[in-house]
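> With the input below, show me the fold.
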Amino acid sequence: MKDGPFDRPDSRFNTLKDWTWIGCYGGYYLQSDLLHEQGFEHGFFTRLWNDRGPDQLAGYISAGISVHRPQQIHSGSVLNASDACQDPWPEADGLVSDRGGQSLWVCGADCTPVLIADPSTGHAAACHAGWRGVAAGILTTALDRLVERGSQREDLGIALGPAVSGPCYQVGDEVVQAITAAIPGEASLSEAGALLPDEQAGRHLLDIRAAARLQLQQAGIPGERIAQCPLCTVSEPDLFHSWRRDQVQAVQWSVIVAQATT
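This next block holds a predicted model:
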């Protein structure tokens with residue numbers, strides 16, 4: 001990886017299955033092929049864009065879009081995008097579109113950015129889903145809000161962006177208990193590959209994206225409608241900020257643009 005956002009990602013990242021690096025004048029950002037095929041403008045930005053916020057980044061995604069973002073607090077709160085359109089940004093960790101042309105932004109530095117698209121209604125949602133968000137049911141809340149707008153769960157396309165991977169995310173019993181309580185059903189975290197063994201007593205390795213995927217599937221989303229990025233924020237310091245790796249407050253942004261007109 002070379003220095004600067006104008007450089008192409010290292011060749012080992014060029015052939016990510018079901019994911020594509022999009023080049024523009026400002027650099028490269030990552031897209032899910034699933035959401036792209038559904039016609040949704042979106043992107044997962046890297047740390048190489050860290051001198052720019054949503055107001056600047058929006059121009060690289062689409063012209064004429066409005067910018068909406070929450071002040072993230074590791075919660076299960078989901079707002080209408082129209083309620084998050086100016087500073088001071090309202091406290092929440094998820095947004096759901098309520099009209100077309102809205103760009104929905106979330107940021108993270110190990111937690112999972114989750115972008116949700118409905119090609120039938122044109123509505124979209126964006127969530128910041130760490131373990132607290134998953135435990136608080138932020139993804140099921142976002143799904144319920146989309147259903148209220150006319151979505152069918154089986155029509156939705158969902159992309160889980162770069163986040164900390166299981167081998168790099170050690171947690172305690174209390175985290176596992178909280179996540180388990182938020183994912184009802186017979187399938188366990190271990191069976192889903194979300195909980196990995198750890199040699200240290202009372203500690204576990206949690207794959208938060210796999211846990212989010214399981215929660216989405218338990219909520220009625222078909223597995224083939226969920227794209228899960230393989231990149232780990234901790235393991236790729238050239239690409240991503242990571243709180244767990246660096247203990248520095250810095251983030252990368254993710255966005256999806258709603259198509260709905262009503």
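
> Just say helix, strand or coil for the residue nearest to A194 when sequence neighbours are not counted.
Counting by CB to CB, 6 or more residues apart in numbering, A194 lies nearest to A210, which is 3.7 Å off, once chain neighbours are set aside. All C-beta atoms are positioned from the backbone trio N, CA, C, and that covers glycine. Under DSSP: H, G, I helix; E, B strand; the rest coil, A210 falls in the helix class.

> Tell me who's in contact with A210.
Residues near A210 by CB atoms under 8 Å, 6 or more residues apart in numbering: G166, L189, A192, G193, A194, Q228.

> Pull out the buried residues from stretch 81-92.
Within stretch 81-92, the residues scored as buried using 16 or more other CB atoms under 10 Å are A81, A84, W89, A92.

> Using a markdown table, lay out the residues you listed together with distance to D98.
As requested, the buried residues of stretch 81-92 are exported to a markdown table (distance: CB to CB, whole Å):
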| residue | distance to D98 |
| --- | --- |
| A81 | 6 |
| A84 | 11 |
| W89 | 17 |
| A92 | 14 |
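
> Which member of these is positioned nearest I256?
A81 (10.5 Å; CB to CB).

> Does V96 have any beta-bridge partners, and if so which?
With DSSP bridges applied, V96 shows beta-bridge pairing to N80, A125.

> measure it to Q71 for me?
V96 sits at a distance of 17 Å from Q71 (criterion: CB to CB, to the nearest Å).

> what does E37 give?
On the measure of CB to CB, E37 and Q71 end up 32 Å apart.

> swap in V114?
Distance of V114 to Q71, computed by CB to CB: 18 Å.

> Mind checking which of these two has more residues around it?
Neighbour count, other CB atoms under 10 Å: between V114 and Q71, V114 has more, with 30 against 12.

> my read: that one touches L143, true?
No: here V114 does not reach L143: they are 10.5 Å apart, not a contact under CB atoms under 8 Å.

> Give the residues shared as contacts by these two.
Listed as contacting both V114 and L143 by CB under 8 Å, 6+ apart are A125.

> quick one: terminal-to-terminal distance for stretch 218-232?
End-to-end span of stretch 218-232 (CA to CA, to the nearest Å): 24 Å.

> Buried residues, that stretch. List them.
Across stretch 218-232, burial judged by 16+ other CB under 10 Å covers Q218, A219, I221, R225, I226, A227, Q228, C229, L231, C232.

> returning to what we had before: give me the pLDDT value at the residue nearest to A194.
Here the pLDDT value assigned to A210 is 97.

> Any figure for the gap between it and G59?
Here the criterion is CB to CB. By it, A210 lies 34 Å from G59.

> Equivalent analysis for A178, please.
From A178 to G59 the distance is 39 Å (CB to CB).

> Equivalent analysis for A125, please.
Per CB to CB, A125 is found 22 Å from G59.

> now swap in G130 and tell me
From G130 to G59 the distance is 28 Å (CB to CB).

> likewise R245?
For R245, the distance to G59 - CB to CB - is 30 Å.

> Where does the prediction get shaky in the stretch 101-250 of the chain?
For the stretch 101-250 of the chain, applying pLDDT under 70 flags the ranges 186-187.

> Which residues does the residue most central in space within the chain form beta bridges with?
Central residue of the chain (CA atoms, centre = their mean): P113, 1.5 Å from the mean position. In this entry, P113 is beta-bridged to H128, by DSSP bridges.
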